[in-house]
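Undergrad: sequence and predicted structure are below.
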Amino acid sequence: MDNPFFTRGFLGKKRDQLADRLPPGQYKEEDFPVLSAGPTPAISLEEWRFTIRGLVNASKTWDWQEFQALPSMSFTKDIHCVTKWSKLDTHWQGVSIDTLLSYVEISPKALFVKAYCYGGYTTNIPLADLTQEKAFIAYQFEGQPLAAEHGGPARLVVPHLYFWKSAKWIQGLQLMDQNRPGFWENFGYHMYGDPWKEQRYQGD
Ligand SMILES: Nc1nc2c(c(=O)[nH]1)N[C@H]1C(S)=C(S)[C@@H](COP(=O)(O)O)O[C@H]1N2
Ligand SMILES: [Mo]
């Protein structure tokens, strides 16, 4: 008797579904590797602040308590690291960038964002890639407070771009009129970083 679960059609479809979710050159990782350019900064919740500055009418800063009081959302996303691992269906809780931007008036000249971090890391992202619920500041991962080595207390997550754009230990967003390279971009990583186009390095 034919078992419908083991027909070739079924397996073929499964394989296609995985391929649909893995960008070119990526493999599926079950663990959660840690990739940091420097030591993990220790940030107490008392001293933690998050700021939006740059091309806005006035800078806006939240402390931890104020940030926790903001409306949060849960996100289930696939993430893709430039070192070729992808992790599927990661679960995050955090505040969408749209919610944060609703507290400032943005200049029409603001087209790019520098994410800046405790510890000094930076990365550049077009403003349009952070809005419409495409990106968020996460403070929980898989139902737990975000671990320090993964960016806790809070990190930016921009799942549709390579994971180096998802700045750990986020301190704020600076709105800019020009696309200024961040830390890895200055070392030759791609200015945009679309995993589906394999934009790993400059010139890709
Ligand atoms: N502040 C900061 N953010 C960072 C990094 C870093 O070194 N410092 N590394 C980036 C890179 S290259 C990747 S792949 C991811 C890794 O996140 P993970 O350590 O949680 O896997 O964080 C990104 N965000
Ligand atoms: Mo990375």
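TA: Noted; the coordinates are in hand. Ligands and ions are numbered 1, 2, ... in the order given.
Undergrad: which bits of the protein sit near ligand 1?
TA: Proximity of the chain to ligand 1, by Cβ under 6 Å from any ligand atom, involves residues 32-37, 81, 117, 119, 121, 150-151, 163-164, 166-169. Using the backbone N, CA and C atoms, a C-beta is placed for each residue, glycine as well.
Undergrad: can you flag the buried ones in those?
TA: The neighbour count (16 or more other Cβ atoms under 10 Å) marks 81, 117, 119, 121, 150-151, 163-164, 166-169 as buried among those.
Undergrad: need the max-distance pair from those.
TA: Largest separation among those by Cβ to Cβ: C81 and G119, giving 18.9 Å.
Undergrad: picking that back up, sort out for me which of the residues of the chain next to ligand 1 are in strands.
TA: The strands, defined by DSSP state E, take in C117 from the residues of the chain next to ligand 1.
Undergrad: could the buried ones among the residues of the chain next to ligand 1 go into TSV alongside pLDDT?
TA: Shown next, in TSV, are these (pLDDT from 0 to 100):
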residue	pLDDT
C81	98
C117	98
G119	98
Y121	98
H150	98
G151	98
F163	98
W164	98
S166	98
A167	99
K168	98
W169	98
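Undergrad: between those, which is nearest P108?
TA: Lowest distance from P108 to these (Cβ to Cβ) belongs to A167, with 24.9 Å.
Undergrad: spatially nearest residue to the closest one, not counting backbone neighbours?
TA: For A167, ignoring the flanking residues on the chain, the nearest one in space by Cβ to Cβ, 6 or more residues apart in numbering is A115 at 4.0 Å.
Undergrad: now do the SS call for that neighbour.
TA: At A115, secondary structure determined by DSSP: H, G, I helix; E, B strand; the rest coil is strand.
Undergrad: quick check on G203: phi, psi?
TA: Here is the backbone geometry of G203 (degrees, to the nearest 10): phi 100, psi -20.
Undergrad: list the contacts for the residue nearest the centre of the chain?
TA: Central residue of the chain (Cα atoms, centre = their mean): V157, 2.0 Å from the mean position. Residues in contact with V157 (Cβ atoms under 8 Å, 6 or more residues apart in numbering) are 75, 77, 79, 92, 94, 135-138, 166.
Undergrad: distance to ligand 2 and secondary structure for those - can I get that in TSV?
TA: Converted to TSV, the contacts of V157 look like this (distance: Cβ to the ion, whole Å; DSSP: H, G, I helix; E, B strand; the rest coil):
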residue	distance to ligand 2	secondary structure
F75	19	strand
K77	16	strand
I79	10	strand
W92	17	strand
G94	20	strand
A135	17	coil
F136	19	strand
I137	19	strand
A138	17	strand
S166	9	coil
